[in-house]
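Colleague: Sequence plus the predicted model coming up.
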Amino acid sequence: MAKGRSQVNSKKNDITPGSRKTSKPKSVDLAVDKHAADKQTTNNQTHCVECQCAVTEDTRALNCERCFKLWKCIGCIGLRASTYDDLISEAGKELHWYCEHCQCKPANENSDKLDNLIKLVEALVIRVTAIEDKMKSDADVAIQLQSKLDILDTRMTCTEIRLDRVNDLDARMASVEAHLNKVHDTQGVSTELQKSVQHEINKQITEDRDSENRKKNVIIYRVPEVIADNAADRKDSDMTFVTELLESVFGIKPEDQNIVRMIRLGRRDDTSTTSRPLLVAFNDISVKEAVWSNLRNLKEATARFKGISVAHDMTPAQRDEIKKLLHQAKQEHESTSTDGPENYWFRVVGYGNKLKVIKRRKQN
């Protein structure tokens, strides 16, 4: 609300001598305003900043609402007396008056505030960008940790399989020793029995050694086979394909692949339209574990690697065990279902002593 002197005398004429002046406020030099302000503060009497008339309780004048130092009479402002009375009443509480000097302040202050606001927004943008970069970095670290956890899980599974095999072998050895002790106790041991026991032991040792030698190998199916008389050309073609497969699908760089041996399984037949399986041997078990933990990537592979599948390199005894499990699963299905086994896929999953058969209905 505009601040002014309250009128104690009777209402004067609505038109004051000053009201005949132009309604546009006169432009006063800022130095004059400052000089007038200094003059008003040093004298006990308050004066109009423009005409220097004394401002008393009977004078209609307005006080600057920003510096509260300068006064200006309504004659110099160009206001009617009635308008002045409205300004200082409750009805004029939303209206304000500032001296010429104080009127110059808001634009500069707003400009400073706007500059400060822009700086604050820029700082916030930099802060948000840094946070987003940090979140992206954290997401990459999480992906790497998950990959390492998958590899660790695969290693633990392989370790459990080996421990199970060792425990099984210990149990069998203990059973053989107990049997031998029993035979010796009865003094009825025969040469044929000893040979049979020793043969069984040697057979198991050979099987374990063979399985250990194969644990770093994989067999890749449907790798295109080049028809060439030069064996080196065929080998180079297979090496190029496998190297690109390991890098683009399984994320294993060429320098980390450590391939020590690669061979086609089966007799070569240039007239055949089916490629022979390709056995790949790695120098480090961790490479095979990396392949196994990322097998799901084959589903999204490019057209060049579509149809490729990877399997363990199993011993003959292990393959016989798989055939036996499949045969038992099909027999069990026939005994419990009226739907023929030819309508289902039977597949053995797992490795070592942790084999199981899964059954899935074929899609029409």
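Modeller: Cool, the structure landed. Numbers count the residues shown, from 1 in each chain.
Colleague: for this structure, which spans come out with low pLDDT?
Modeller: 1-44, 105-112, 183-190, 352, 364 (pLDDT under 70).
Colleague: Would you map the helices across it?
Modeller: 30-42, 74-77, 81-87, 100-103, 105-186, 191-214, 231-248, 285-293, 316-336 (DSSP state H).
Colleague: How is this structure partitioned into domains?
Modeller: Domain segmentation of the chain under automatic domain parsing yields 3-103, 114-211, 216-313, 314-364.
Colleague: Adding mean neighbour count, write the ones you listed out as CSV.
Modeller: (Each C-beta comes from the backbone N, C-alpha and C, glycine too.) Formatted as CSV, these follow (neighbours: other CB atoms under 10 Å):
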stretch, mean neighbour count
domain 3-103, 15
domain 114-211, 12
domain 216-313, 15
domain 314-364, 13
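Colleague: sorry, back to before: could you dump the helices of the chain to CSV with distance to residue 272?
Modeller: Output for the helices of the chain, formatted as CSV (distance: least, CB to CB, whole Å):
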stretch, distance to residue 272
helix 30-42, 102
helix 74-77, 109
helix 81-87, 106
helix 100-103, 98
helix 105-186, 35
helix 191-214, 26
helix 231-248, 14
helix 285-293, 27
helix 316-336, 22
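Colleague: Out of those helices, which gets nearest to residue 302?
Modeller: helix 231-248 (7.1 Å; CB to CB).
Colleague: what's next to that closest one, contact-wise?
Modeller: 220, 223-226, 228, 252-254, 257, 259, 262, 264, 278, 280, 291, 301-302, 304-305, 308 (CB atoms under 8 Å, 6 or more residues apart in numbering).
Colleague: Let's see that with 10 Å instead.
Modeller: The contact list for helix 231-248 (CB atoms under 10 Å, 6 or more residues apart in numbering) reads 218, 220, 223-228, 230, 252-254, 256-257, 259, 262-264, 268, 275, 278, 280, 282, 287, 290-291, 294, 297-298, 301-302, 304-305, 308, 310.
Colleague: and what of stretch 333-342?
Modeller: Contacts for stretch 333-342 (CB under 10 Å, 6+ apart): 326, 329-332, 343-344, 346, 357, 359, 361-362.
Colleague: and of the residues you listed, the nearest to residue 90?
Modeller: residue 361 (86.9 Å).
Colleague: just to revisit the earlier point, would you tell me which one of the contacts of stretch 333-342 comes nearest to residue 92?
Modeller: Looking across the contacts of stretch 333-342 and measuring by CB to CB, the closest to residue 92 is residue 361, at 87.5 Å.
Colleague: got a list of what that closest one touches?
Modeller: Per CB under 10 Å, 6+ apart, neighbours of residue 361: 339, 343-345.
Colleague: Out of these, name the ones that lie in strands.
Modeller: 344-345 (DSSP state E).
Colleague: Now tabulate the contacts of residue 361 in TSV and tack on distance to residue 174.
Modeller: Formatted as TSV, the contacts of residue 361 follow (distance: CB to CB, whole Å):
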residue	distance to residue 174
339	45
343	45
344	41
345	40
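Colleague: Please convert the contacts of stretch 333-342 to JSON lines, extending it with distance to residue 178.
Modeller: Shown next, in JSON lines, are these (distance: CB to CB, whole Å):
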{"residue": "326", "distance to residue 178": "34"}
{"residue": "329", "distance to residue 178": "34"}
{"residue": "330", "distance to residue 178": "37"}
{"residue": "331", "distance to residue 178": "34"}
{"residue": "332", "distance to residue 178": "34"}
{"residue": "343", "distance to residue 178": "48"}
{"residue": "344", "distance to residue 178": "43"}
{"residue": "346", "distance to residue 178": "38"}
{"residue": "357", "distance to residue 178": "33"}
{"residue": "359", "distance to residue 178": "39"}
{"residue": "361", "distance to residue 178": "47"}
{"residue": "362", "distance to residue 178": "49"}
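Colleague: Tell me the one of these nearest residue 74?
Modeller: Residue 74 has its nearest neighbour among those in residue 361, at 98.6 Å by CB to CB.
Colleague: Roughly how far does that closest one sit from residue 334?
Modeller: Separation of residue 361 from residue 334 (CB to CB, to the nearest Å) stands at 15 Å.
Colleague: next one: residue 139
Modeller: 50 Å.
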